[in-house]
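*Asks:* Predicted model follows, preceded by the sequence.
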Amino acid sequence: MHLKRSPFYFLLALFTVLFYTHSFAASTVTFSATQSNASNFMGFGAMIWTGESTPNVVAMYQLPGFRFARINHELRNYTAPNNLTSTAAYYNLFHTYGDHTTNLSGGNGAAVQFLYLPSIPCTFISSNGVNGVCPAQCNSGSGCQLINNASMLQSLAYYIAGGIQDFTDKYYAMSACPGCYSTNYVELGNEPNGTWDNQMTTSQYTQLVQLVHTELANIPVQIGDPADKYTRTKITGAGVGNMDWSGGVDTLTNAVLSSAPALASLGAFSVHQYIYTTYFGRNVETIDSGSNVVGYGQTAARYYFPRWYSAPHSKAPNLPVIISEVGTQINSFHGHTYNPPSTNYLCTDYTSATCSVVHTTSFGVRMYTYLISLLAGGANATLVWEGKDQSWEAPGGGMGLVDVHGNYKTNYYAMEPLFKYIYPNAKVLSNNSTSSSSGQPGNDIYSVVFLNPAVANQQCVVLTYANGTGKSGNLSRTTKVTGLPSTATLLPSASSSTLFAQLPGGTIYQGNLTTTSPVSGLTISNGTLTHTTSLANDTSVTVNACYSF
């Protein structure tokens, strides 16, 4: 719709005036489009619960950059995987009892990559239980399996391989999704370093990686199917959670890196990124990491994730890194606290009067920042926790992109421009402005640039900005992208900016803006693209700048 005839126009005009007044001095960050070490973007995604087919969830998977679905492939009406002795036996159980109702296909759905997570009953080694008894955190002490011998570990490998076979056959056979099975990944359990689902020693985990790899290779394929039909599903791990990022790589990932057979069996690394109000007993806003960091909360992903990433990247640089869960419960940016309308973390009925942190612009900007920060730190894919809130998440909601009623939430509108404009196989450009690990100070606008694949002598650069500093005035940022073709000419009709912010009165404005928006400062000359913007706190802007050459 034409903004001058829109009821938003007068609010937008007021907001624009505020936007460009009282700004701090502009800082400049430069990115290179010709760098040789640019990481490859594989896709955004979310945790999708078994049986999901909500229209707004399915619609997310039609967006160009939204490509990963982490699915719990459940084995229902069956308790513990400890008494069958072959992959085929477990395949028959999955095929009989498994939930085959998840449907994300249609349109671009054929390009969805699945990160399969087997729904394994709680498993613990005897040394991690109390006198050989499973902790109470594991299904309230019931249904727990102690892994205390080699045959039990082999049984788990049969269980996982049987589920992968069933999962692969399902998508291989879907006429609406041809070839979807070809680039899947599997996590061997949820957060195996924790005491809430399945816990393993480093030795058991590295053994399980090798056993599952062997079982996948041993599954017979039907005549006419590719010989690598099942081994195309790559083992990714260890998918640990609640890490102390400042300590570098976790023990389970380090165990894989130290075991040549396990590393040879791994197809990708995965890890979870959460930030809470307190972290290992410390208040996140009081943890400092040097002169460029003001607090731990906003900058955790920017300064601590690279410490973890450096170990797997240096040992196995060709294996992708997947952030299979990312989320936060914290309600502050650098000492600036955004108070939820209620004292509850979760929502009760998804209205502005009762929702909490997860329905604020600040939460949306924080999640936007996390995604671009992790990608800038080396990750190839980031999966939001979660796609849709579940009814069992008391008191009625969660950190999902869609609520229990199927409606998009505030954080979805913050991140949607990323899903819309950043394409798979885009290059994540590093900046060379400073020598700090993130290249940008923690108390300023944060920006990351993506270079989409070229199509028919046209290409798009996606510039992403987020201001979550808590400063009362606007901050300005000039971004330069060097190394573009010297003949590059902007395509105004194909360039746009998307603002996520809160207008006076609490209305969230999210949409393409007119030439008075941050896209107005966009130029390209002699192979260098320049853009200047000014952002208020709790605001993010995505600029899609396209050019021909």
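*Replies:* Good, I have the coordinates. From a predicted model like this one, the values you see are computed outputs, not experimental measurements. Residues are numbered from 1 along each chain as shown.
*Asks:* For the stretch 401-549 of the chain, which segments count as strands?
*Replies:* For the stretch 401-549 of the chain, the strands defined by DSSP state E, counting those that start in this stretch cover 427-429, 446-451, 458-467, 475-482, 489-490, 496-502, 508-512, 522-525, 528-535, 539-548.
*Asks:* Check which residues of the fourth one are buried.
*Replies:* Yep, that's strand 475-482 we're talking about. 475, 476, 477, 479, 480, 481, 482 (16 or more other C-beta atoms under 10 Å). Quick note: C-beta positions are derived from backbone N, CA and C, even for glycine.
*Asks:* Pipe those residues into JSON lines and attach pLDDT and distance to residue 468 per row.
*Replies:* Output for these, formatted as JSON lines (pLDDT from 0 to 100; distance: C-beta to C-beta, whole Å):
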{"residue": "475", "pLDDT": "87", "distance to residue 468": "10"}
{"residue": "476", "pLDDT": "88", "distance to residue 468": "16"}
{"residue": "477", "pLDDT": "89", "distance to residue 468": "13"}
{"residue": "479", "pLDDT": "92", "distance to residue 468": "17"}
{"residue": "480", "pLDDT": "94", "distance to residue 468": "23"}
{"residue": "481", "pLDDT": "95", "distance to residue 468": "23"}
{"residue": "482", "pLDDT": "95", "distance to residue 468": "27"}
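*Asks:* Residue 471: neighbouring residues, count only.
*Replies:* By other C-beta atoms under 10 Å, the residues close to residue 471 number 17.
*Asks:* Would you mind confirming that it makes contact with residue 537?
*Replies:* Yes: in this structure, residue 471 is within contact of residue 537 by C-beta atoms under 8 Å, at 5.8 Å.
*Asks:* Quick check: residue 373 vs residue 540, distance?
*Replies:* 12 Å (C-beta to C-beta, to the nearest Å).
*Asks:* Between these two, which has more neighbouring residues?
*Replies:* More crowded of residue 373 and residue 540, by other C-beta under 10 Å: residue 540, with 29 against 26.
*Asks:* so what's the more buried one up against?
*Replies:* Residue 540 makes contact with 364, 365, 368, 369, 414, 464, 465, 466, 467, 499, 500, 501, according to C-beta atoms under 8 Å, 6 or more residues apart in numbering.
*Asks:* what pLDDT does it get?
*Replies:* pLDDT, residue 540: 91.
*Asks:* And it, how far from residue 75?
*Replies:* Counting by C-beta to C-beta, the gap from residue 540 to residue 75 is 41 Å.
*Asks:* Repeat that for residue 444.
*Replies:* 49 Å.
*Asks:* Tell me which of the two has more neighbours.
*Replies:* residue 75 (23 against 18).
*Asks:* now the more buried one: how far from residue 94?
*Replies:* 6 Å.
*Asks:* Output the strands of the stretch 401-549 of the chain in a markdown table, with distance to residue 224 appended to each entry.
*Replies:* Listed next are these as a markdown table, based on distance: least, C-beta to C-beta, whole Å:
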| stretch | distance to residue 224 |
| --- | --- |
| strand 427-429 | 37 |
| strand 446-451 | 39 |
| strand 458-467 | 39 |
| strand 475-482 | 48 |
| strand 489-490 | 49 |
| strand 496-502 | 46 |
| strand 508-512 | 48 |
| strand 522-525 | 51 |
| strand 528-535 | 49 |
| strand 539-548 | 43 |
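*Asks:* quick one: which of those has the weakest pLDDT on average?
*Replies:* Per-stretch mean pLDDT for these is lowest at strand 508-512 (a mean of 55).
*Asks:* Tell me the one among the contacts of residue 540 nearest to residue 226.
*Replies:* Of all these, residue 226 sits closest to residue 464, with 37.9 Å by C-beta to C-beta.
*Asks:* close enough to count as contact, the closest one and residue 415?
*Replies:* No: distance between residue 464 and residue 415: 10.4 Å, which falls outside the contact criterion (C-beta under 8 Å).
*Asks:* what's the strand or helix carrying residue 29 in contact with?
*Replies:* Per DSSP states H and E, residue 29 falls inside strand 27-32. The contact list for strand 27-32 (C-beta under 8 Å, 6+ apart) reads 429-433, 439-440, 444-445, 447, 449, 475-483.
*Asks:* Keeping just the C-alphas, turn that strand into PDB.
*Replies:* Taking C-alpha atoms only, strand 27-32 is exported to PDB below (Å, rounded to 0.1, in the frame of the first residue of the first chain):
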ATOM      1  CA  SER A  27      31.100   4.700  13.200                       C
ATOM      2  CA  THR A  28      32.300   2.900  10.100                       C
ATOM      3  CA  VAL A  29      32.700  -0.900   9.500                       C
ATOM      4  CA  THR A  30      34.200  -2.300   6.300                       C
ATOM      5  CA  PHE A  31      33.500  -5.700   4.800                       C
ATOM      6  CA  SER A  32      35.300  -7.400   1.900                       C
END
